[in-house]
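Participant: model this:
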Amino acid sequence: MFLQTFRRFSGLKNHDKLYIEHMDASPSIRSSYRPAQGVQYQHPKPAAHEALQKLVNNCLQGLRIYQPFQGDKALVPLARGVFYALVHTNPVESGFLVFSPNHTPIYMHESLRRSIVVRMRLSSTMHAQTAIFAVSLDKSDGFLWLEDVLAWSGQSIHGSKTFTERRALLKQFLDHHWMPDARCAGGLTIRIANYKPLEYVKEIANELSWSAIDLCPELPDRRRFRIKAAGGVASSLVGELRAVSGLPDVYELWSAEDVCVGRAAVQELSMSRTIRERIAKEKVYVEVAWNQEFERFRIQAVVSSATPRSPTARFGQAKPAVKPSEVITE
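Facilitator: This next block holds a predicted model:
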């Protein structure tokens, strides 16, 4: 649905310009390695955290890594520029990897309120370097994905260099300044993020194997868009509403495969009015949650029609399994 809407607004006929070559040294995002003993996350001392927090603020001037994908509004910049897709298979935290002389590298959450020590084998040049990378932390599996270079040699480059130029610096970092070492990292697995052709979004839209997708712009000084999974891991449920005759606030809910997965009800008066007005003239997509008491889905919010619908299997997973003791036998 996202790709269809994207192409309808952009008028693009092919995706020749919508990809970036994978770096040869970039491992697959589906690496089979898992930390054997888990990761012992260590927080830096308060003084170190405050010093690096100031460094990030000074270099990046309050930069936010991504903004939510907001349907039709986001399609305008997508149609005018080149974007690359980054798929997150698990829920991740976005943040910064901060390098500074006299400090151990740290991961700092995008809010700048939390940080974690990251131990790496670095060149002497990198030990004296001030740099900031955009990264994602997958705490559940112990992965840190290096995604982009935002500042280099103490200067912000996000606003002056293209994404391709910044990725070249990341490859330089991999080739000359960092030696991957699992023992040194204390169980944390550090990898270079692997970007995909934008067409890949269409291939996985109805799968269960992703949590979020970032659309990263080639132009400098642009934030990426993040599509949170309608069908991915630990995600919300999104379906299309279709009216049920004689029941004004009860609707059929249809999945990505155009399968009816049950009924959904709305309880808020304002939302009821909004849905009634819109469903008479256009498709209405909503976020829902399973209500065990009434044994049906409850409508949580109306979302853009550019939001991918969830696969049928995800709706089934939302319903609790019936316990043997609850089965009525004759």
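Participant: my read: residue 266 touches residue 276, true?
Facilitator: No. Using C-beta atoms under 8 Å, residue 266 is not in contact with residue 276; the gap is 9.4 Å. The way it works is simple: take the backbone N, C-alpha and C, and place the C-beta from them, glycine included.
Participant: more neighbours, those two?
Facilitator: Higher neighbour count among residue 266 and residue 276: residue 266, with 23 against 14, using other C-beta atoms under 10 Å.
Participant: what number of residues lie near residue 148?
Facilitator: 22.
Participant: got the contact list for the nearest residue to it once chain neighbours are set aside?
Facilitator: Nearest non-adjacent residue to residue 148, counting by C-beta to C-beta, 6 or more residues apart in numbering: residue 134, 4.0 Å away. By C-beta atoms under 8 Å, 6 or more residues apart in numbering, the residues touching residue 134 are 65, 94, 96, 147, 148, 149, 150.
Participant: got a pLDDT number for residue 134?
Facilitator: pLDDT, residue 134: 97.
Participant: swap in the one 5 residues further on?
Facilitator: Reported pLDDT at residue 139 in the predicted model: 84.
Participant: now the lengthiest helix in the chain: how far from the chain's centre is it?
Facilitator: Longest helix of the chain, by residue count under DSSP state H: helix 46-60. Going by C-alpha atoms, centre = their mean, to the nearest Å, the spacing between the C-alpha centre of helix 46-60 and its chain's C-alpha centre is 25 Å.
Participant: counting contacts, what elements does the helix or strand that comes right after it pack onto?
Facilitator: Next along the chain after helix 46-60, taking DSSP states H and E as the criterion, comes strand 66-68. Here strand 66-68 touches strand 224-228, going by 3 or more C-beta pairs under 8 Å, 6 or more residues apart in numbering; DSSP states H and E.
Participant: which other residues reach the strand it packs on?
Facilitator: 2, 65-69, 74, 78, 83, 86, 201, 211-217, 235-236, 307-308.
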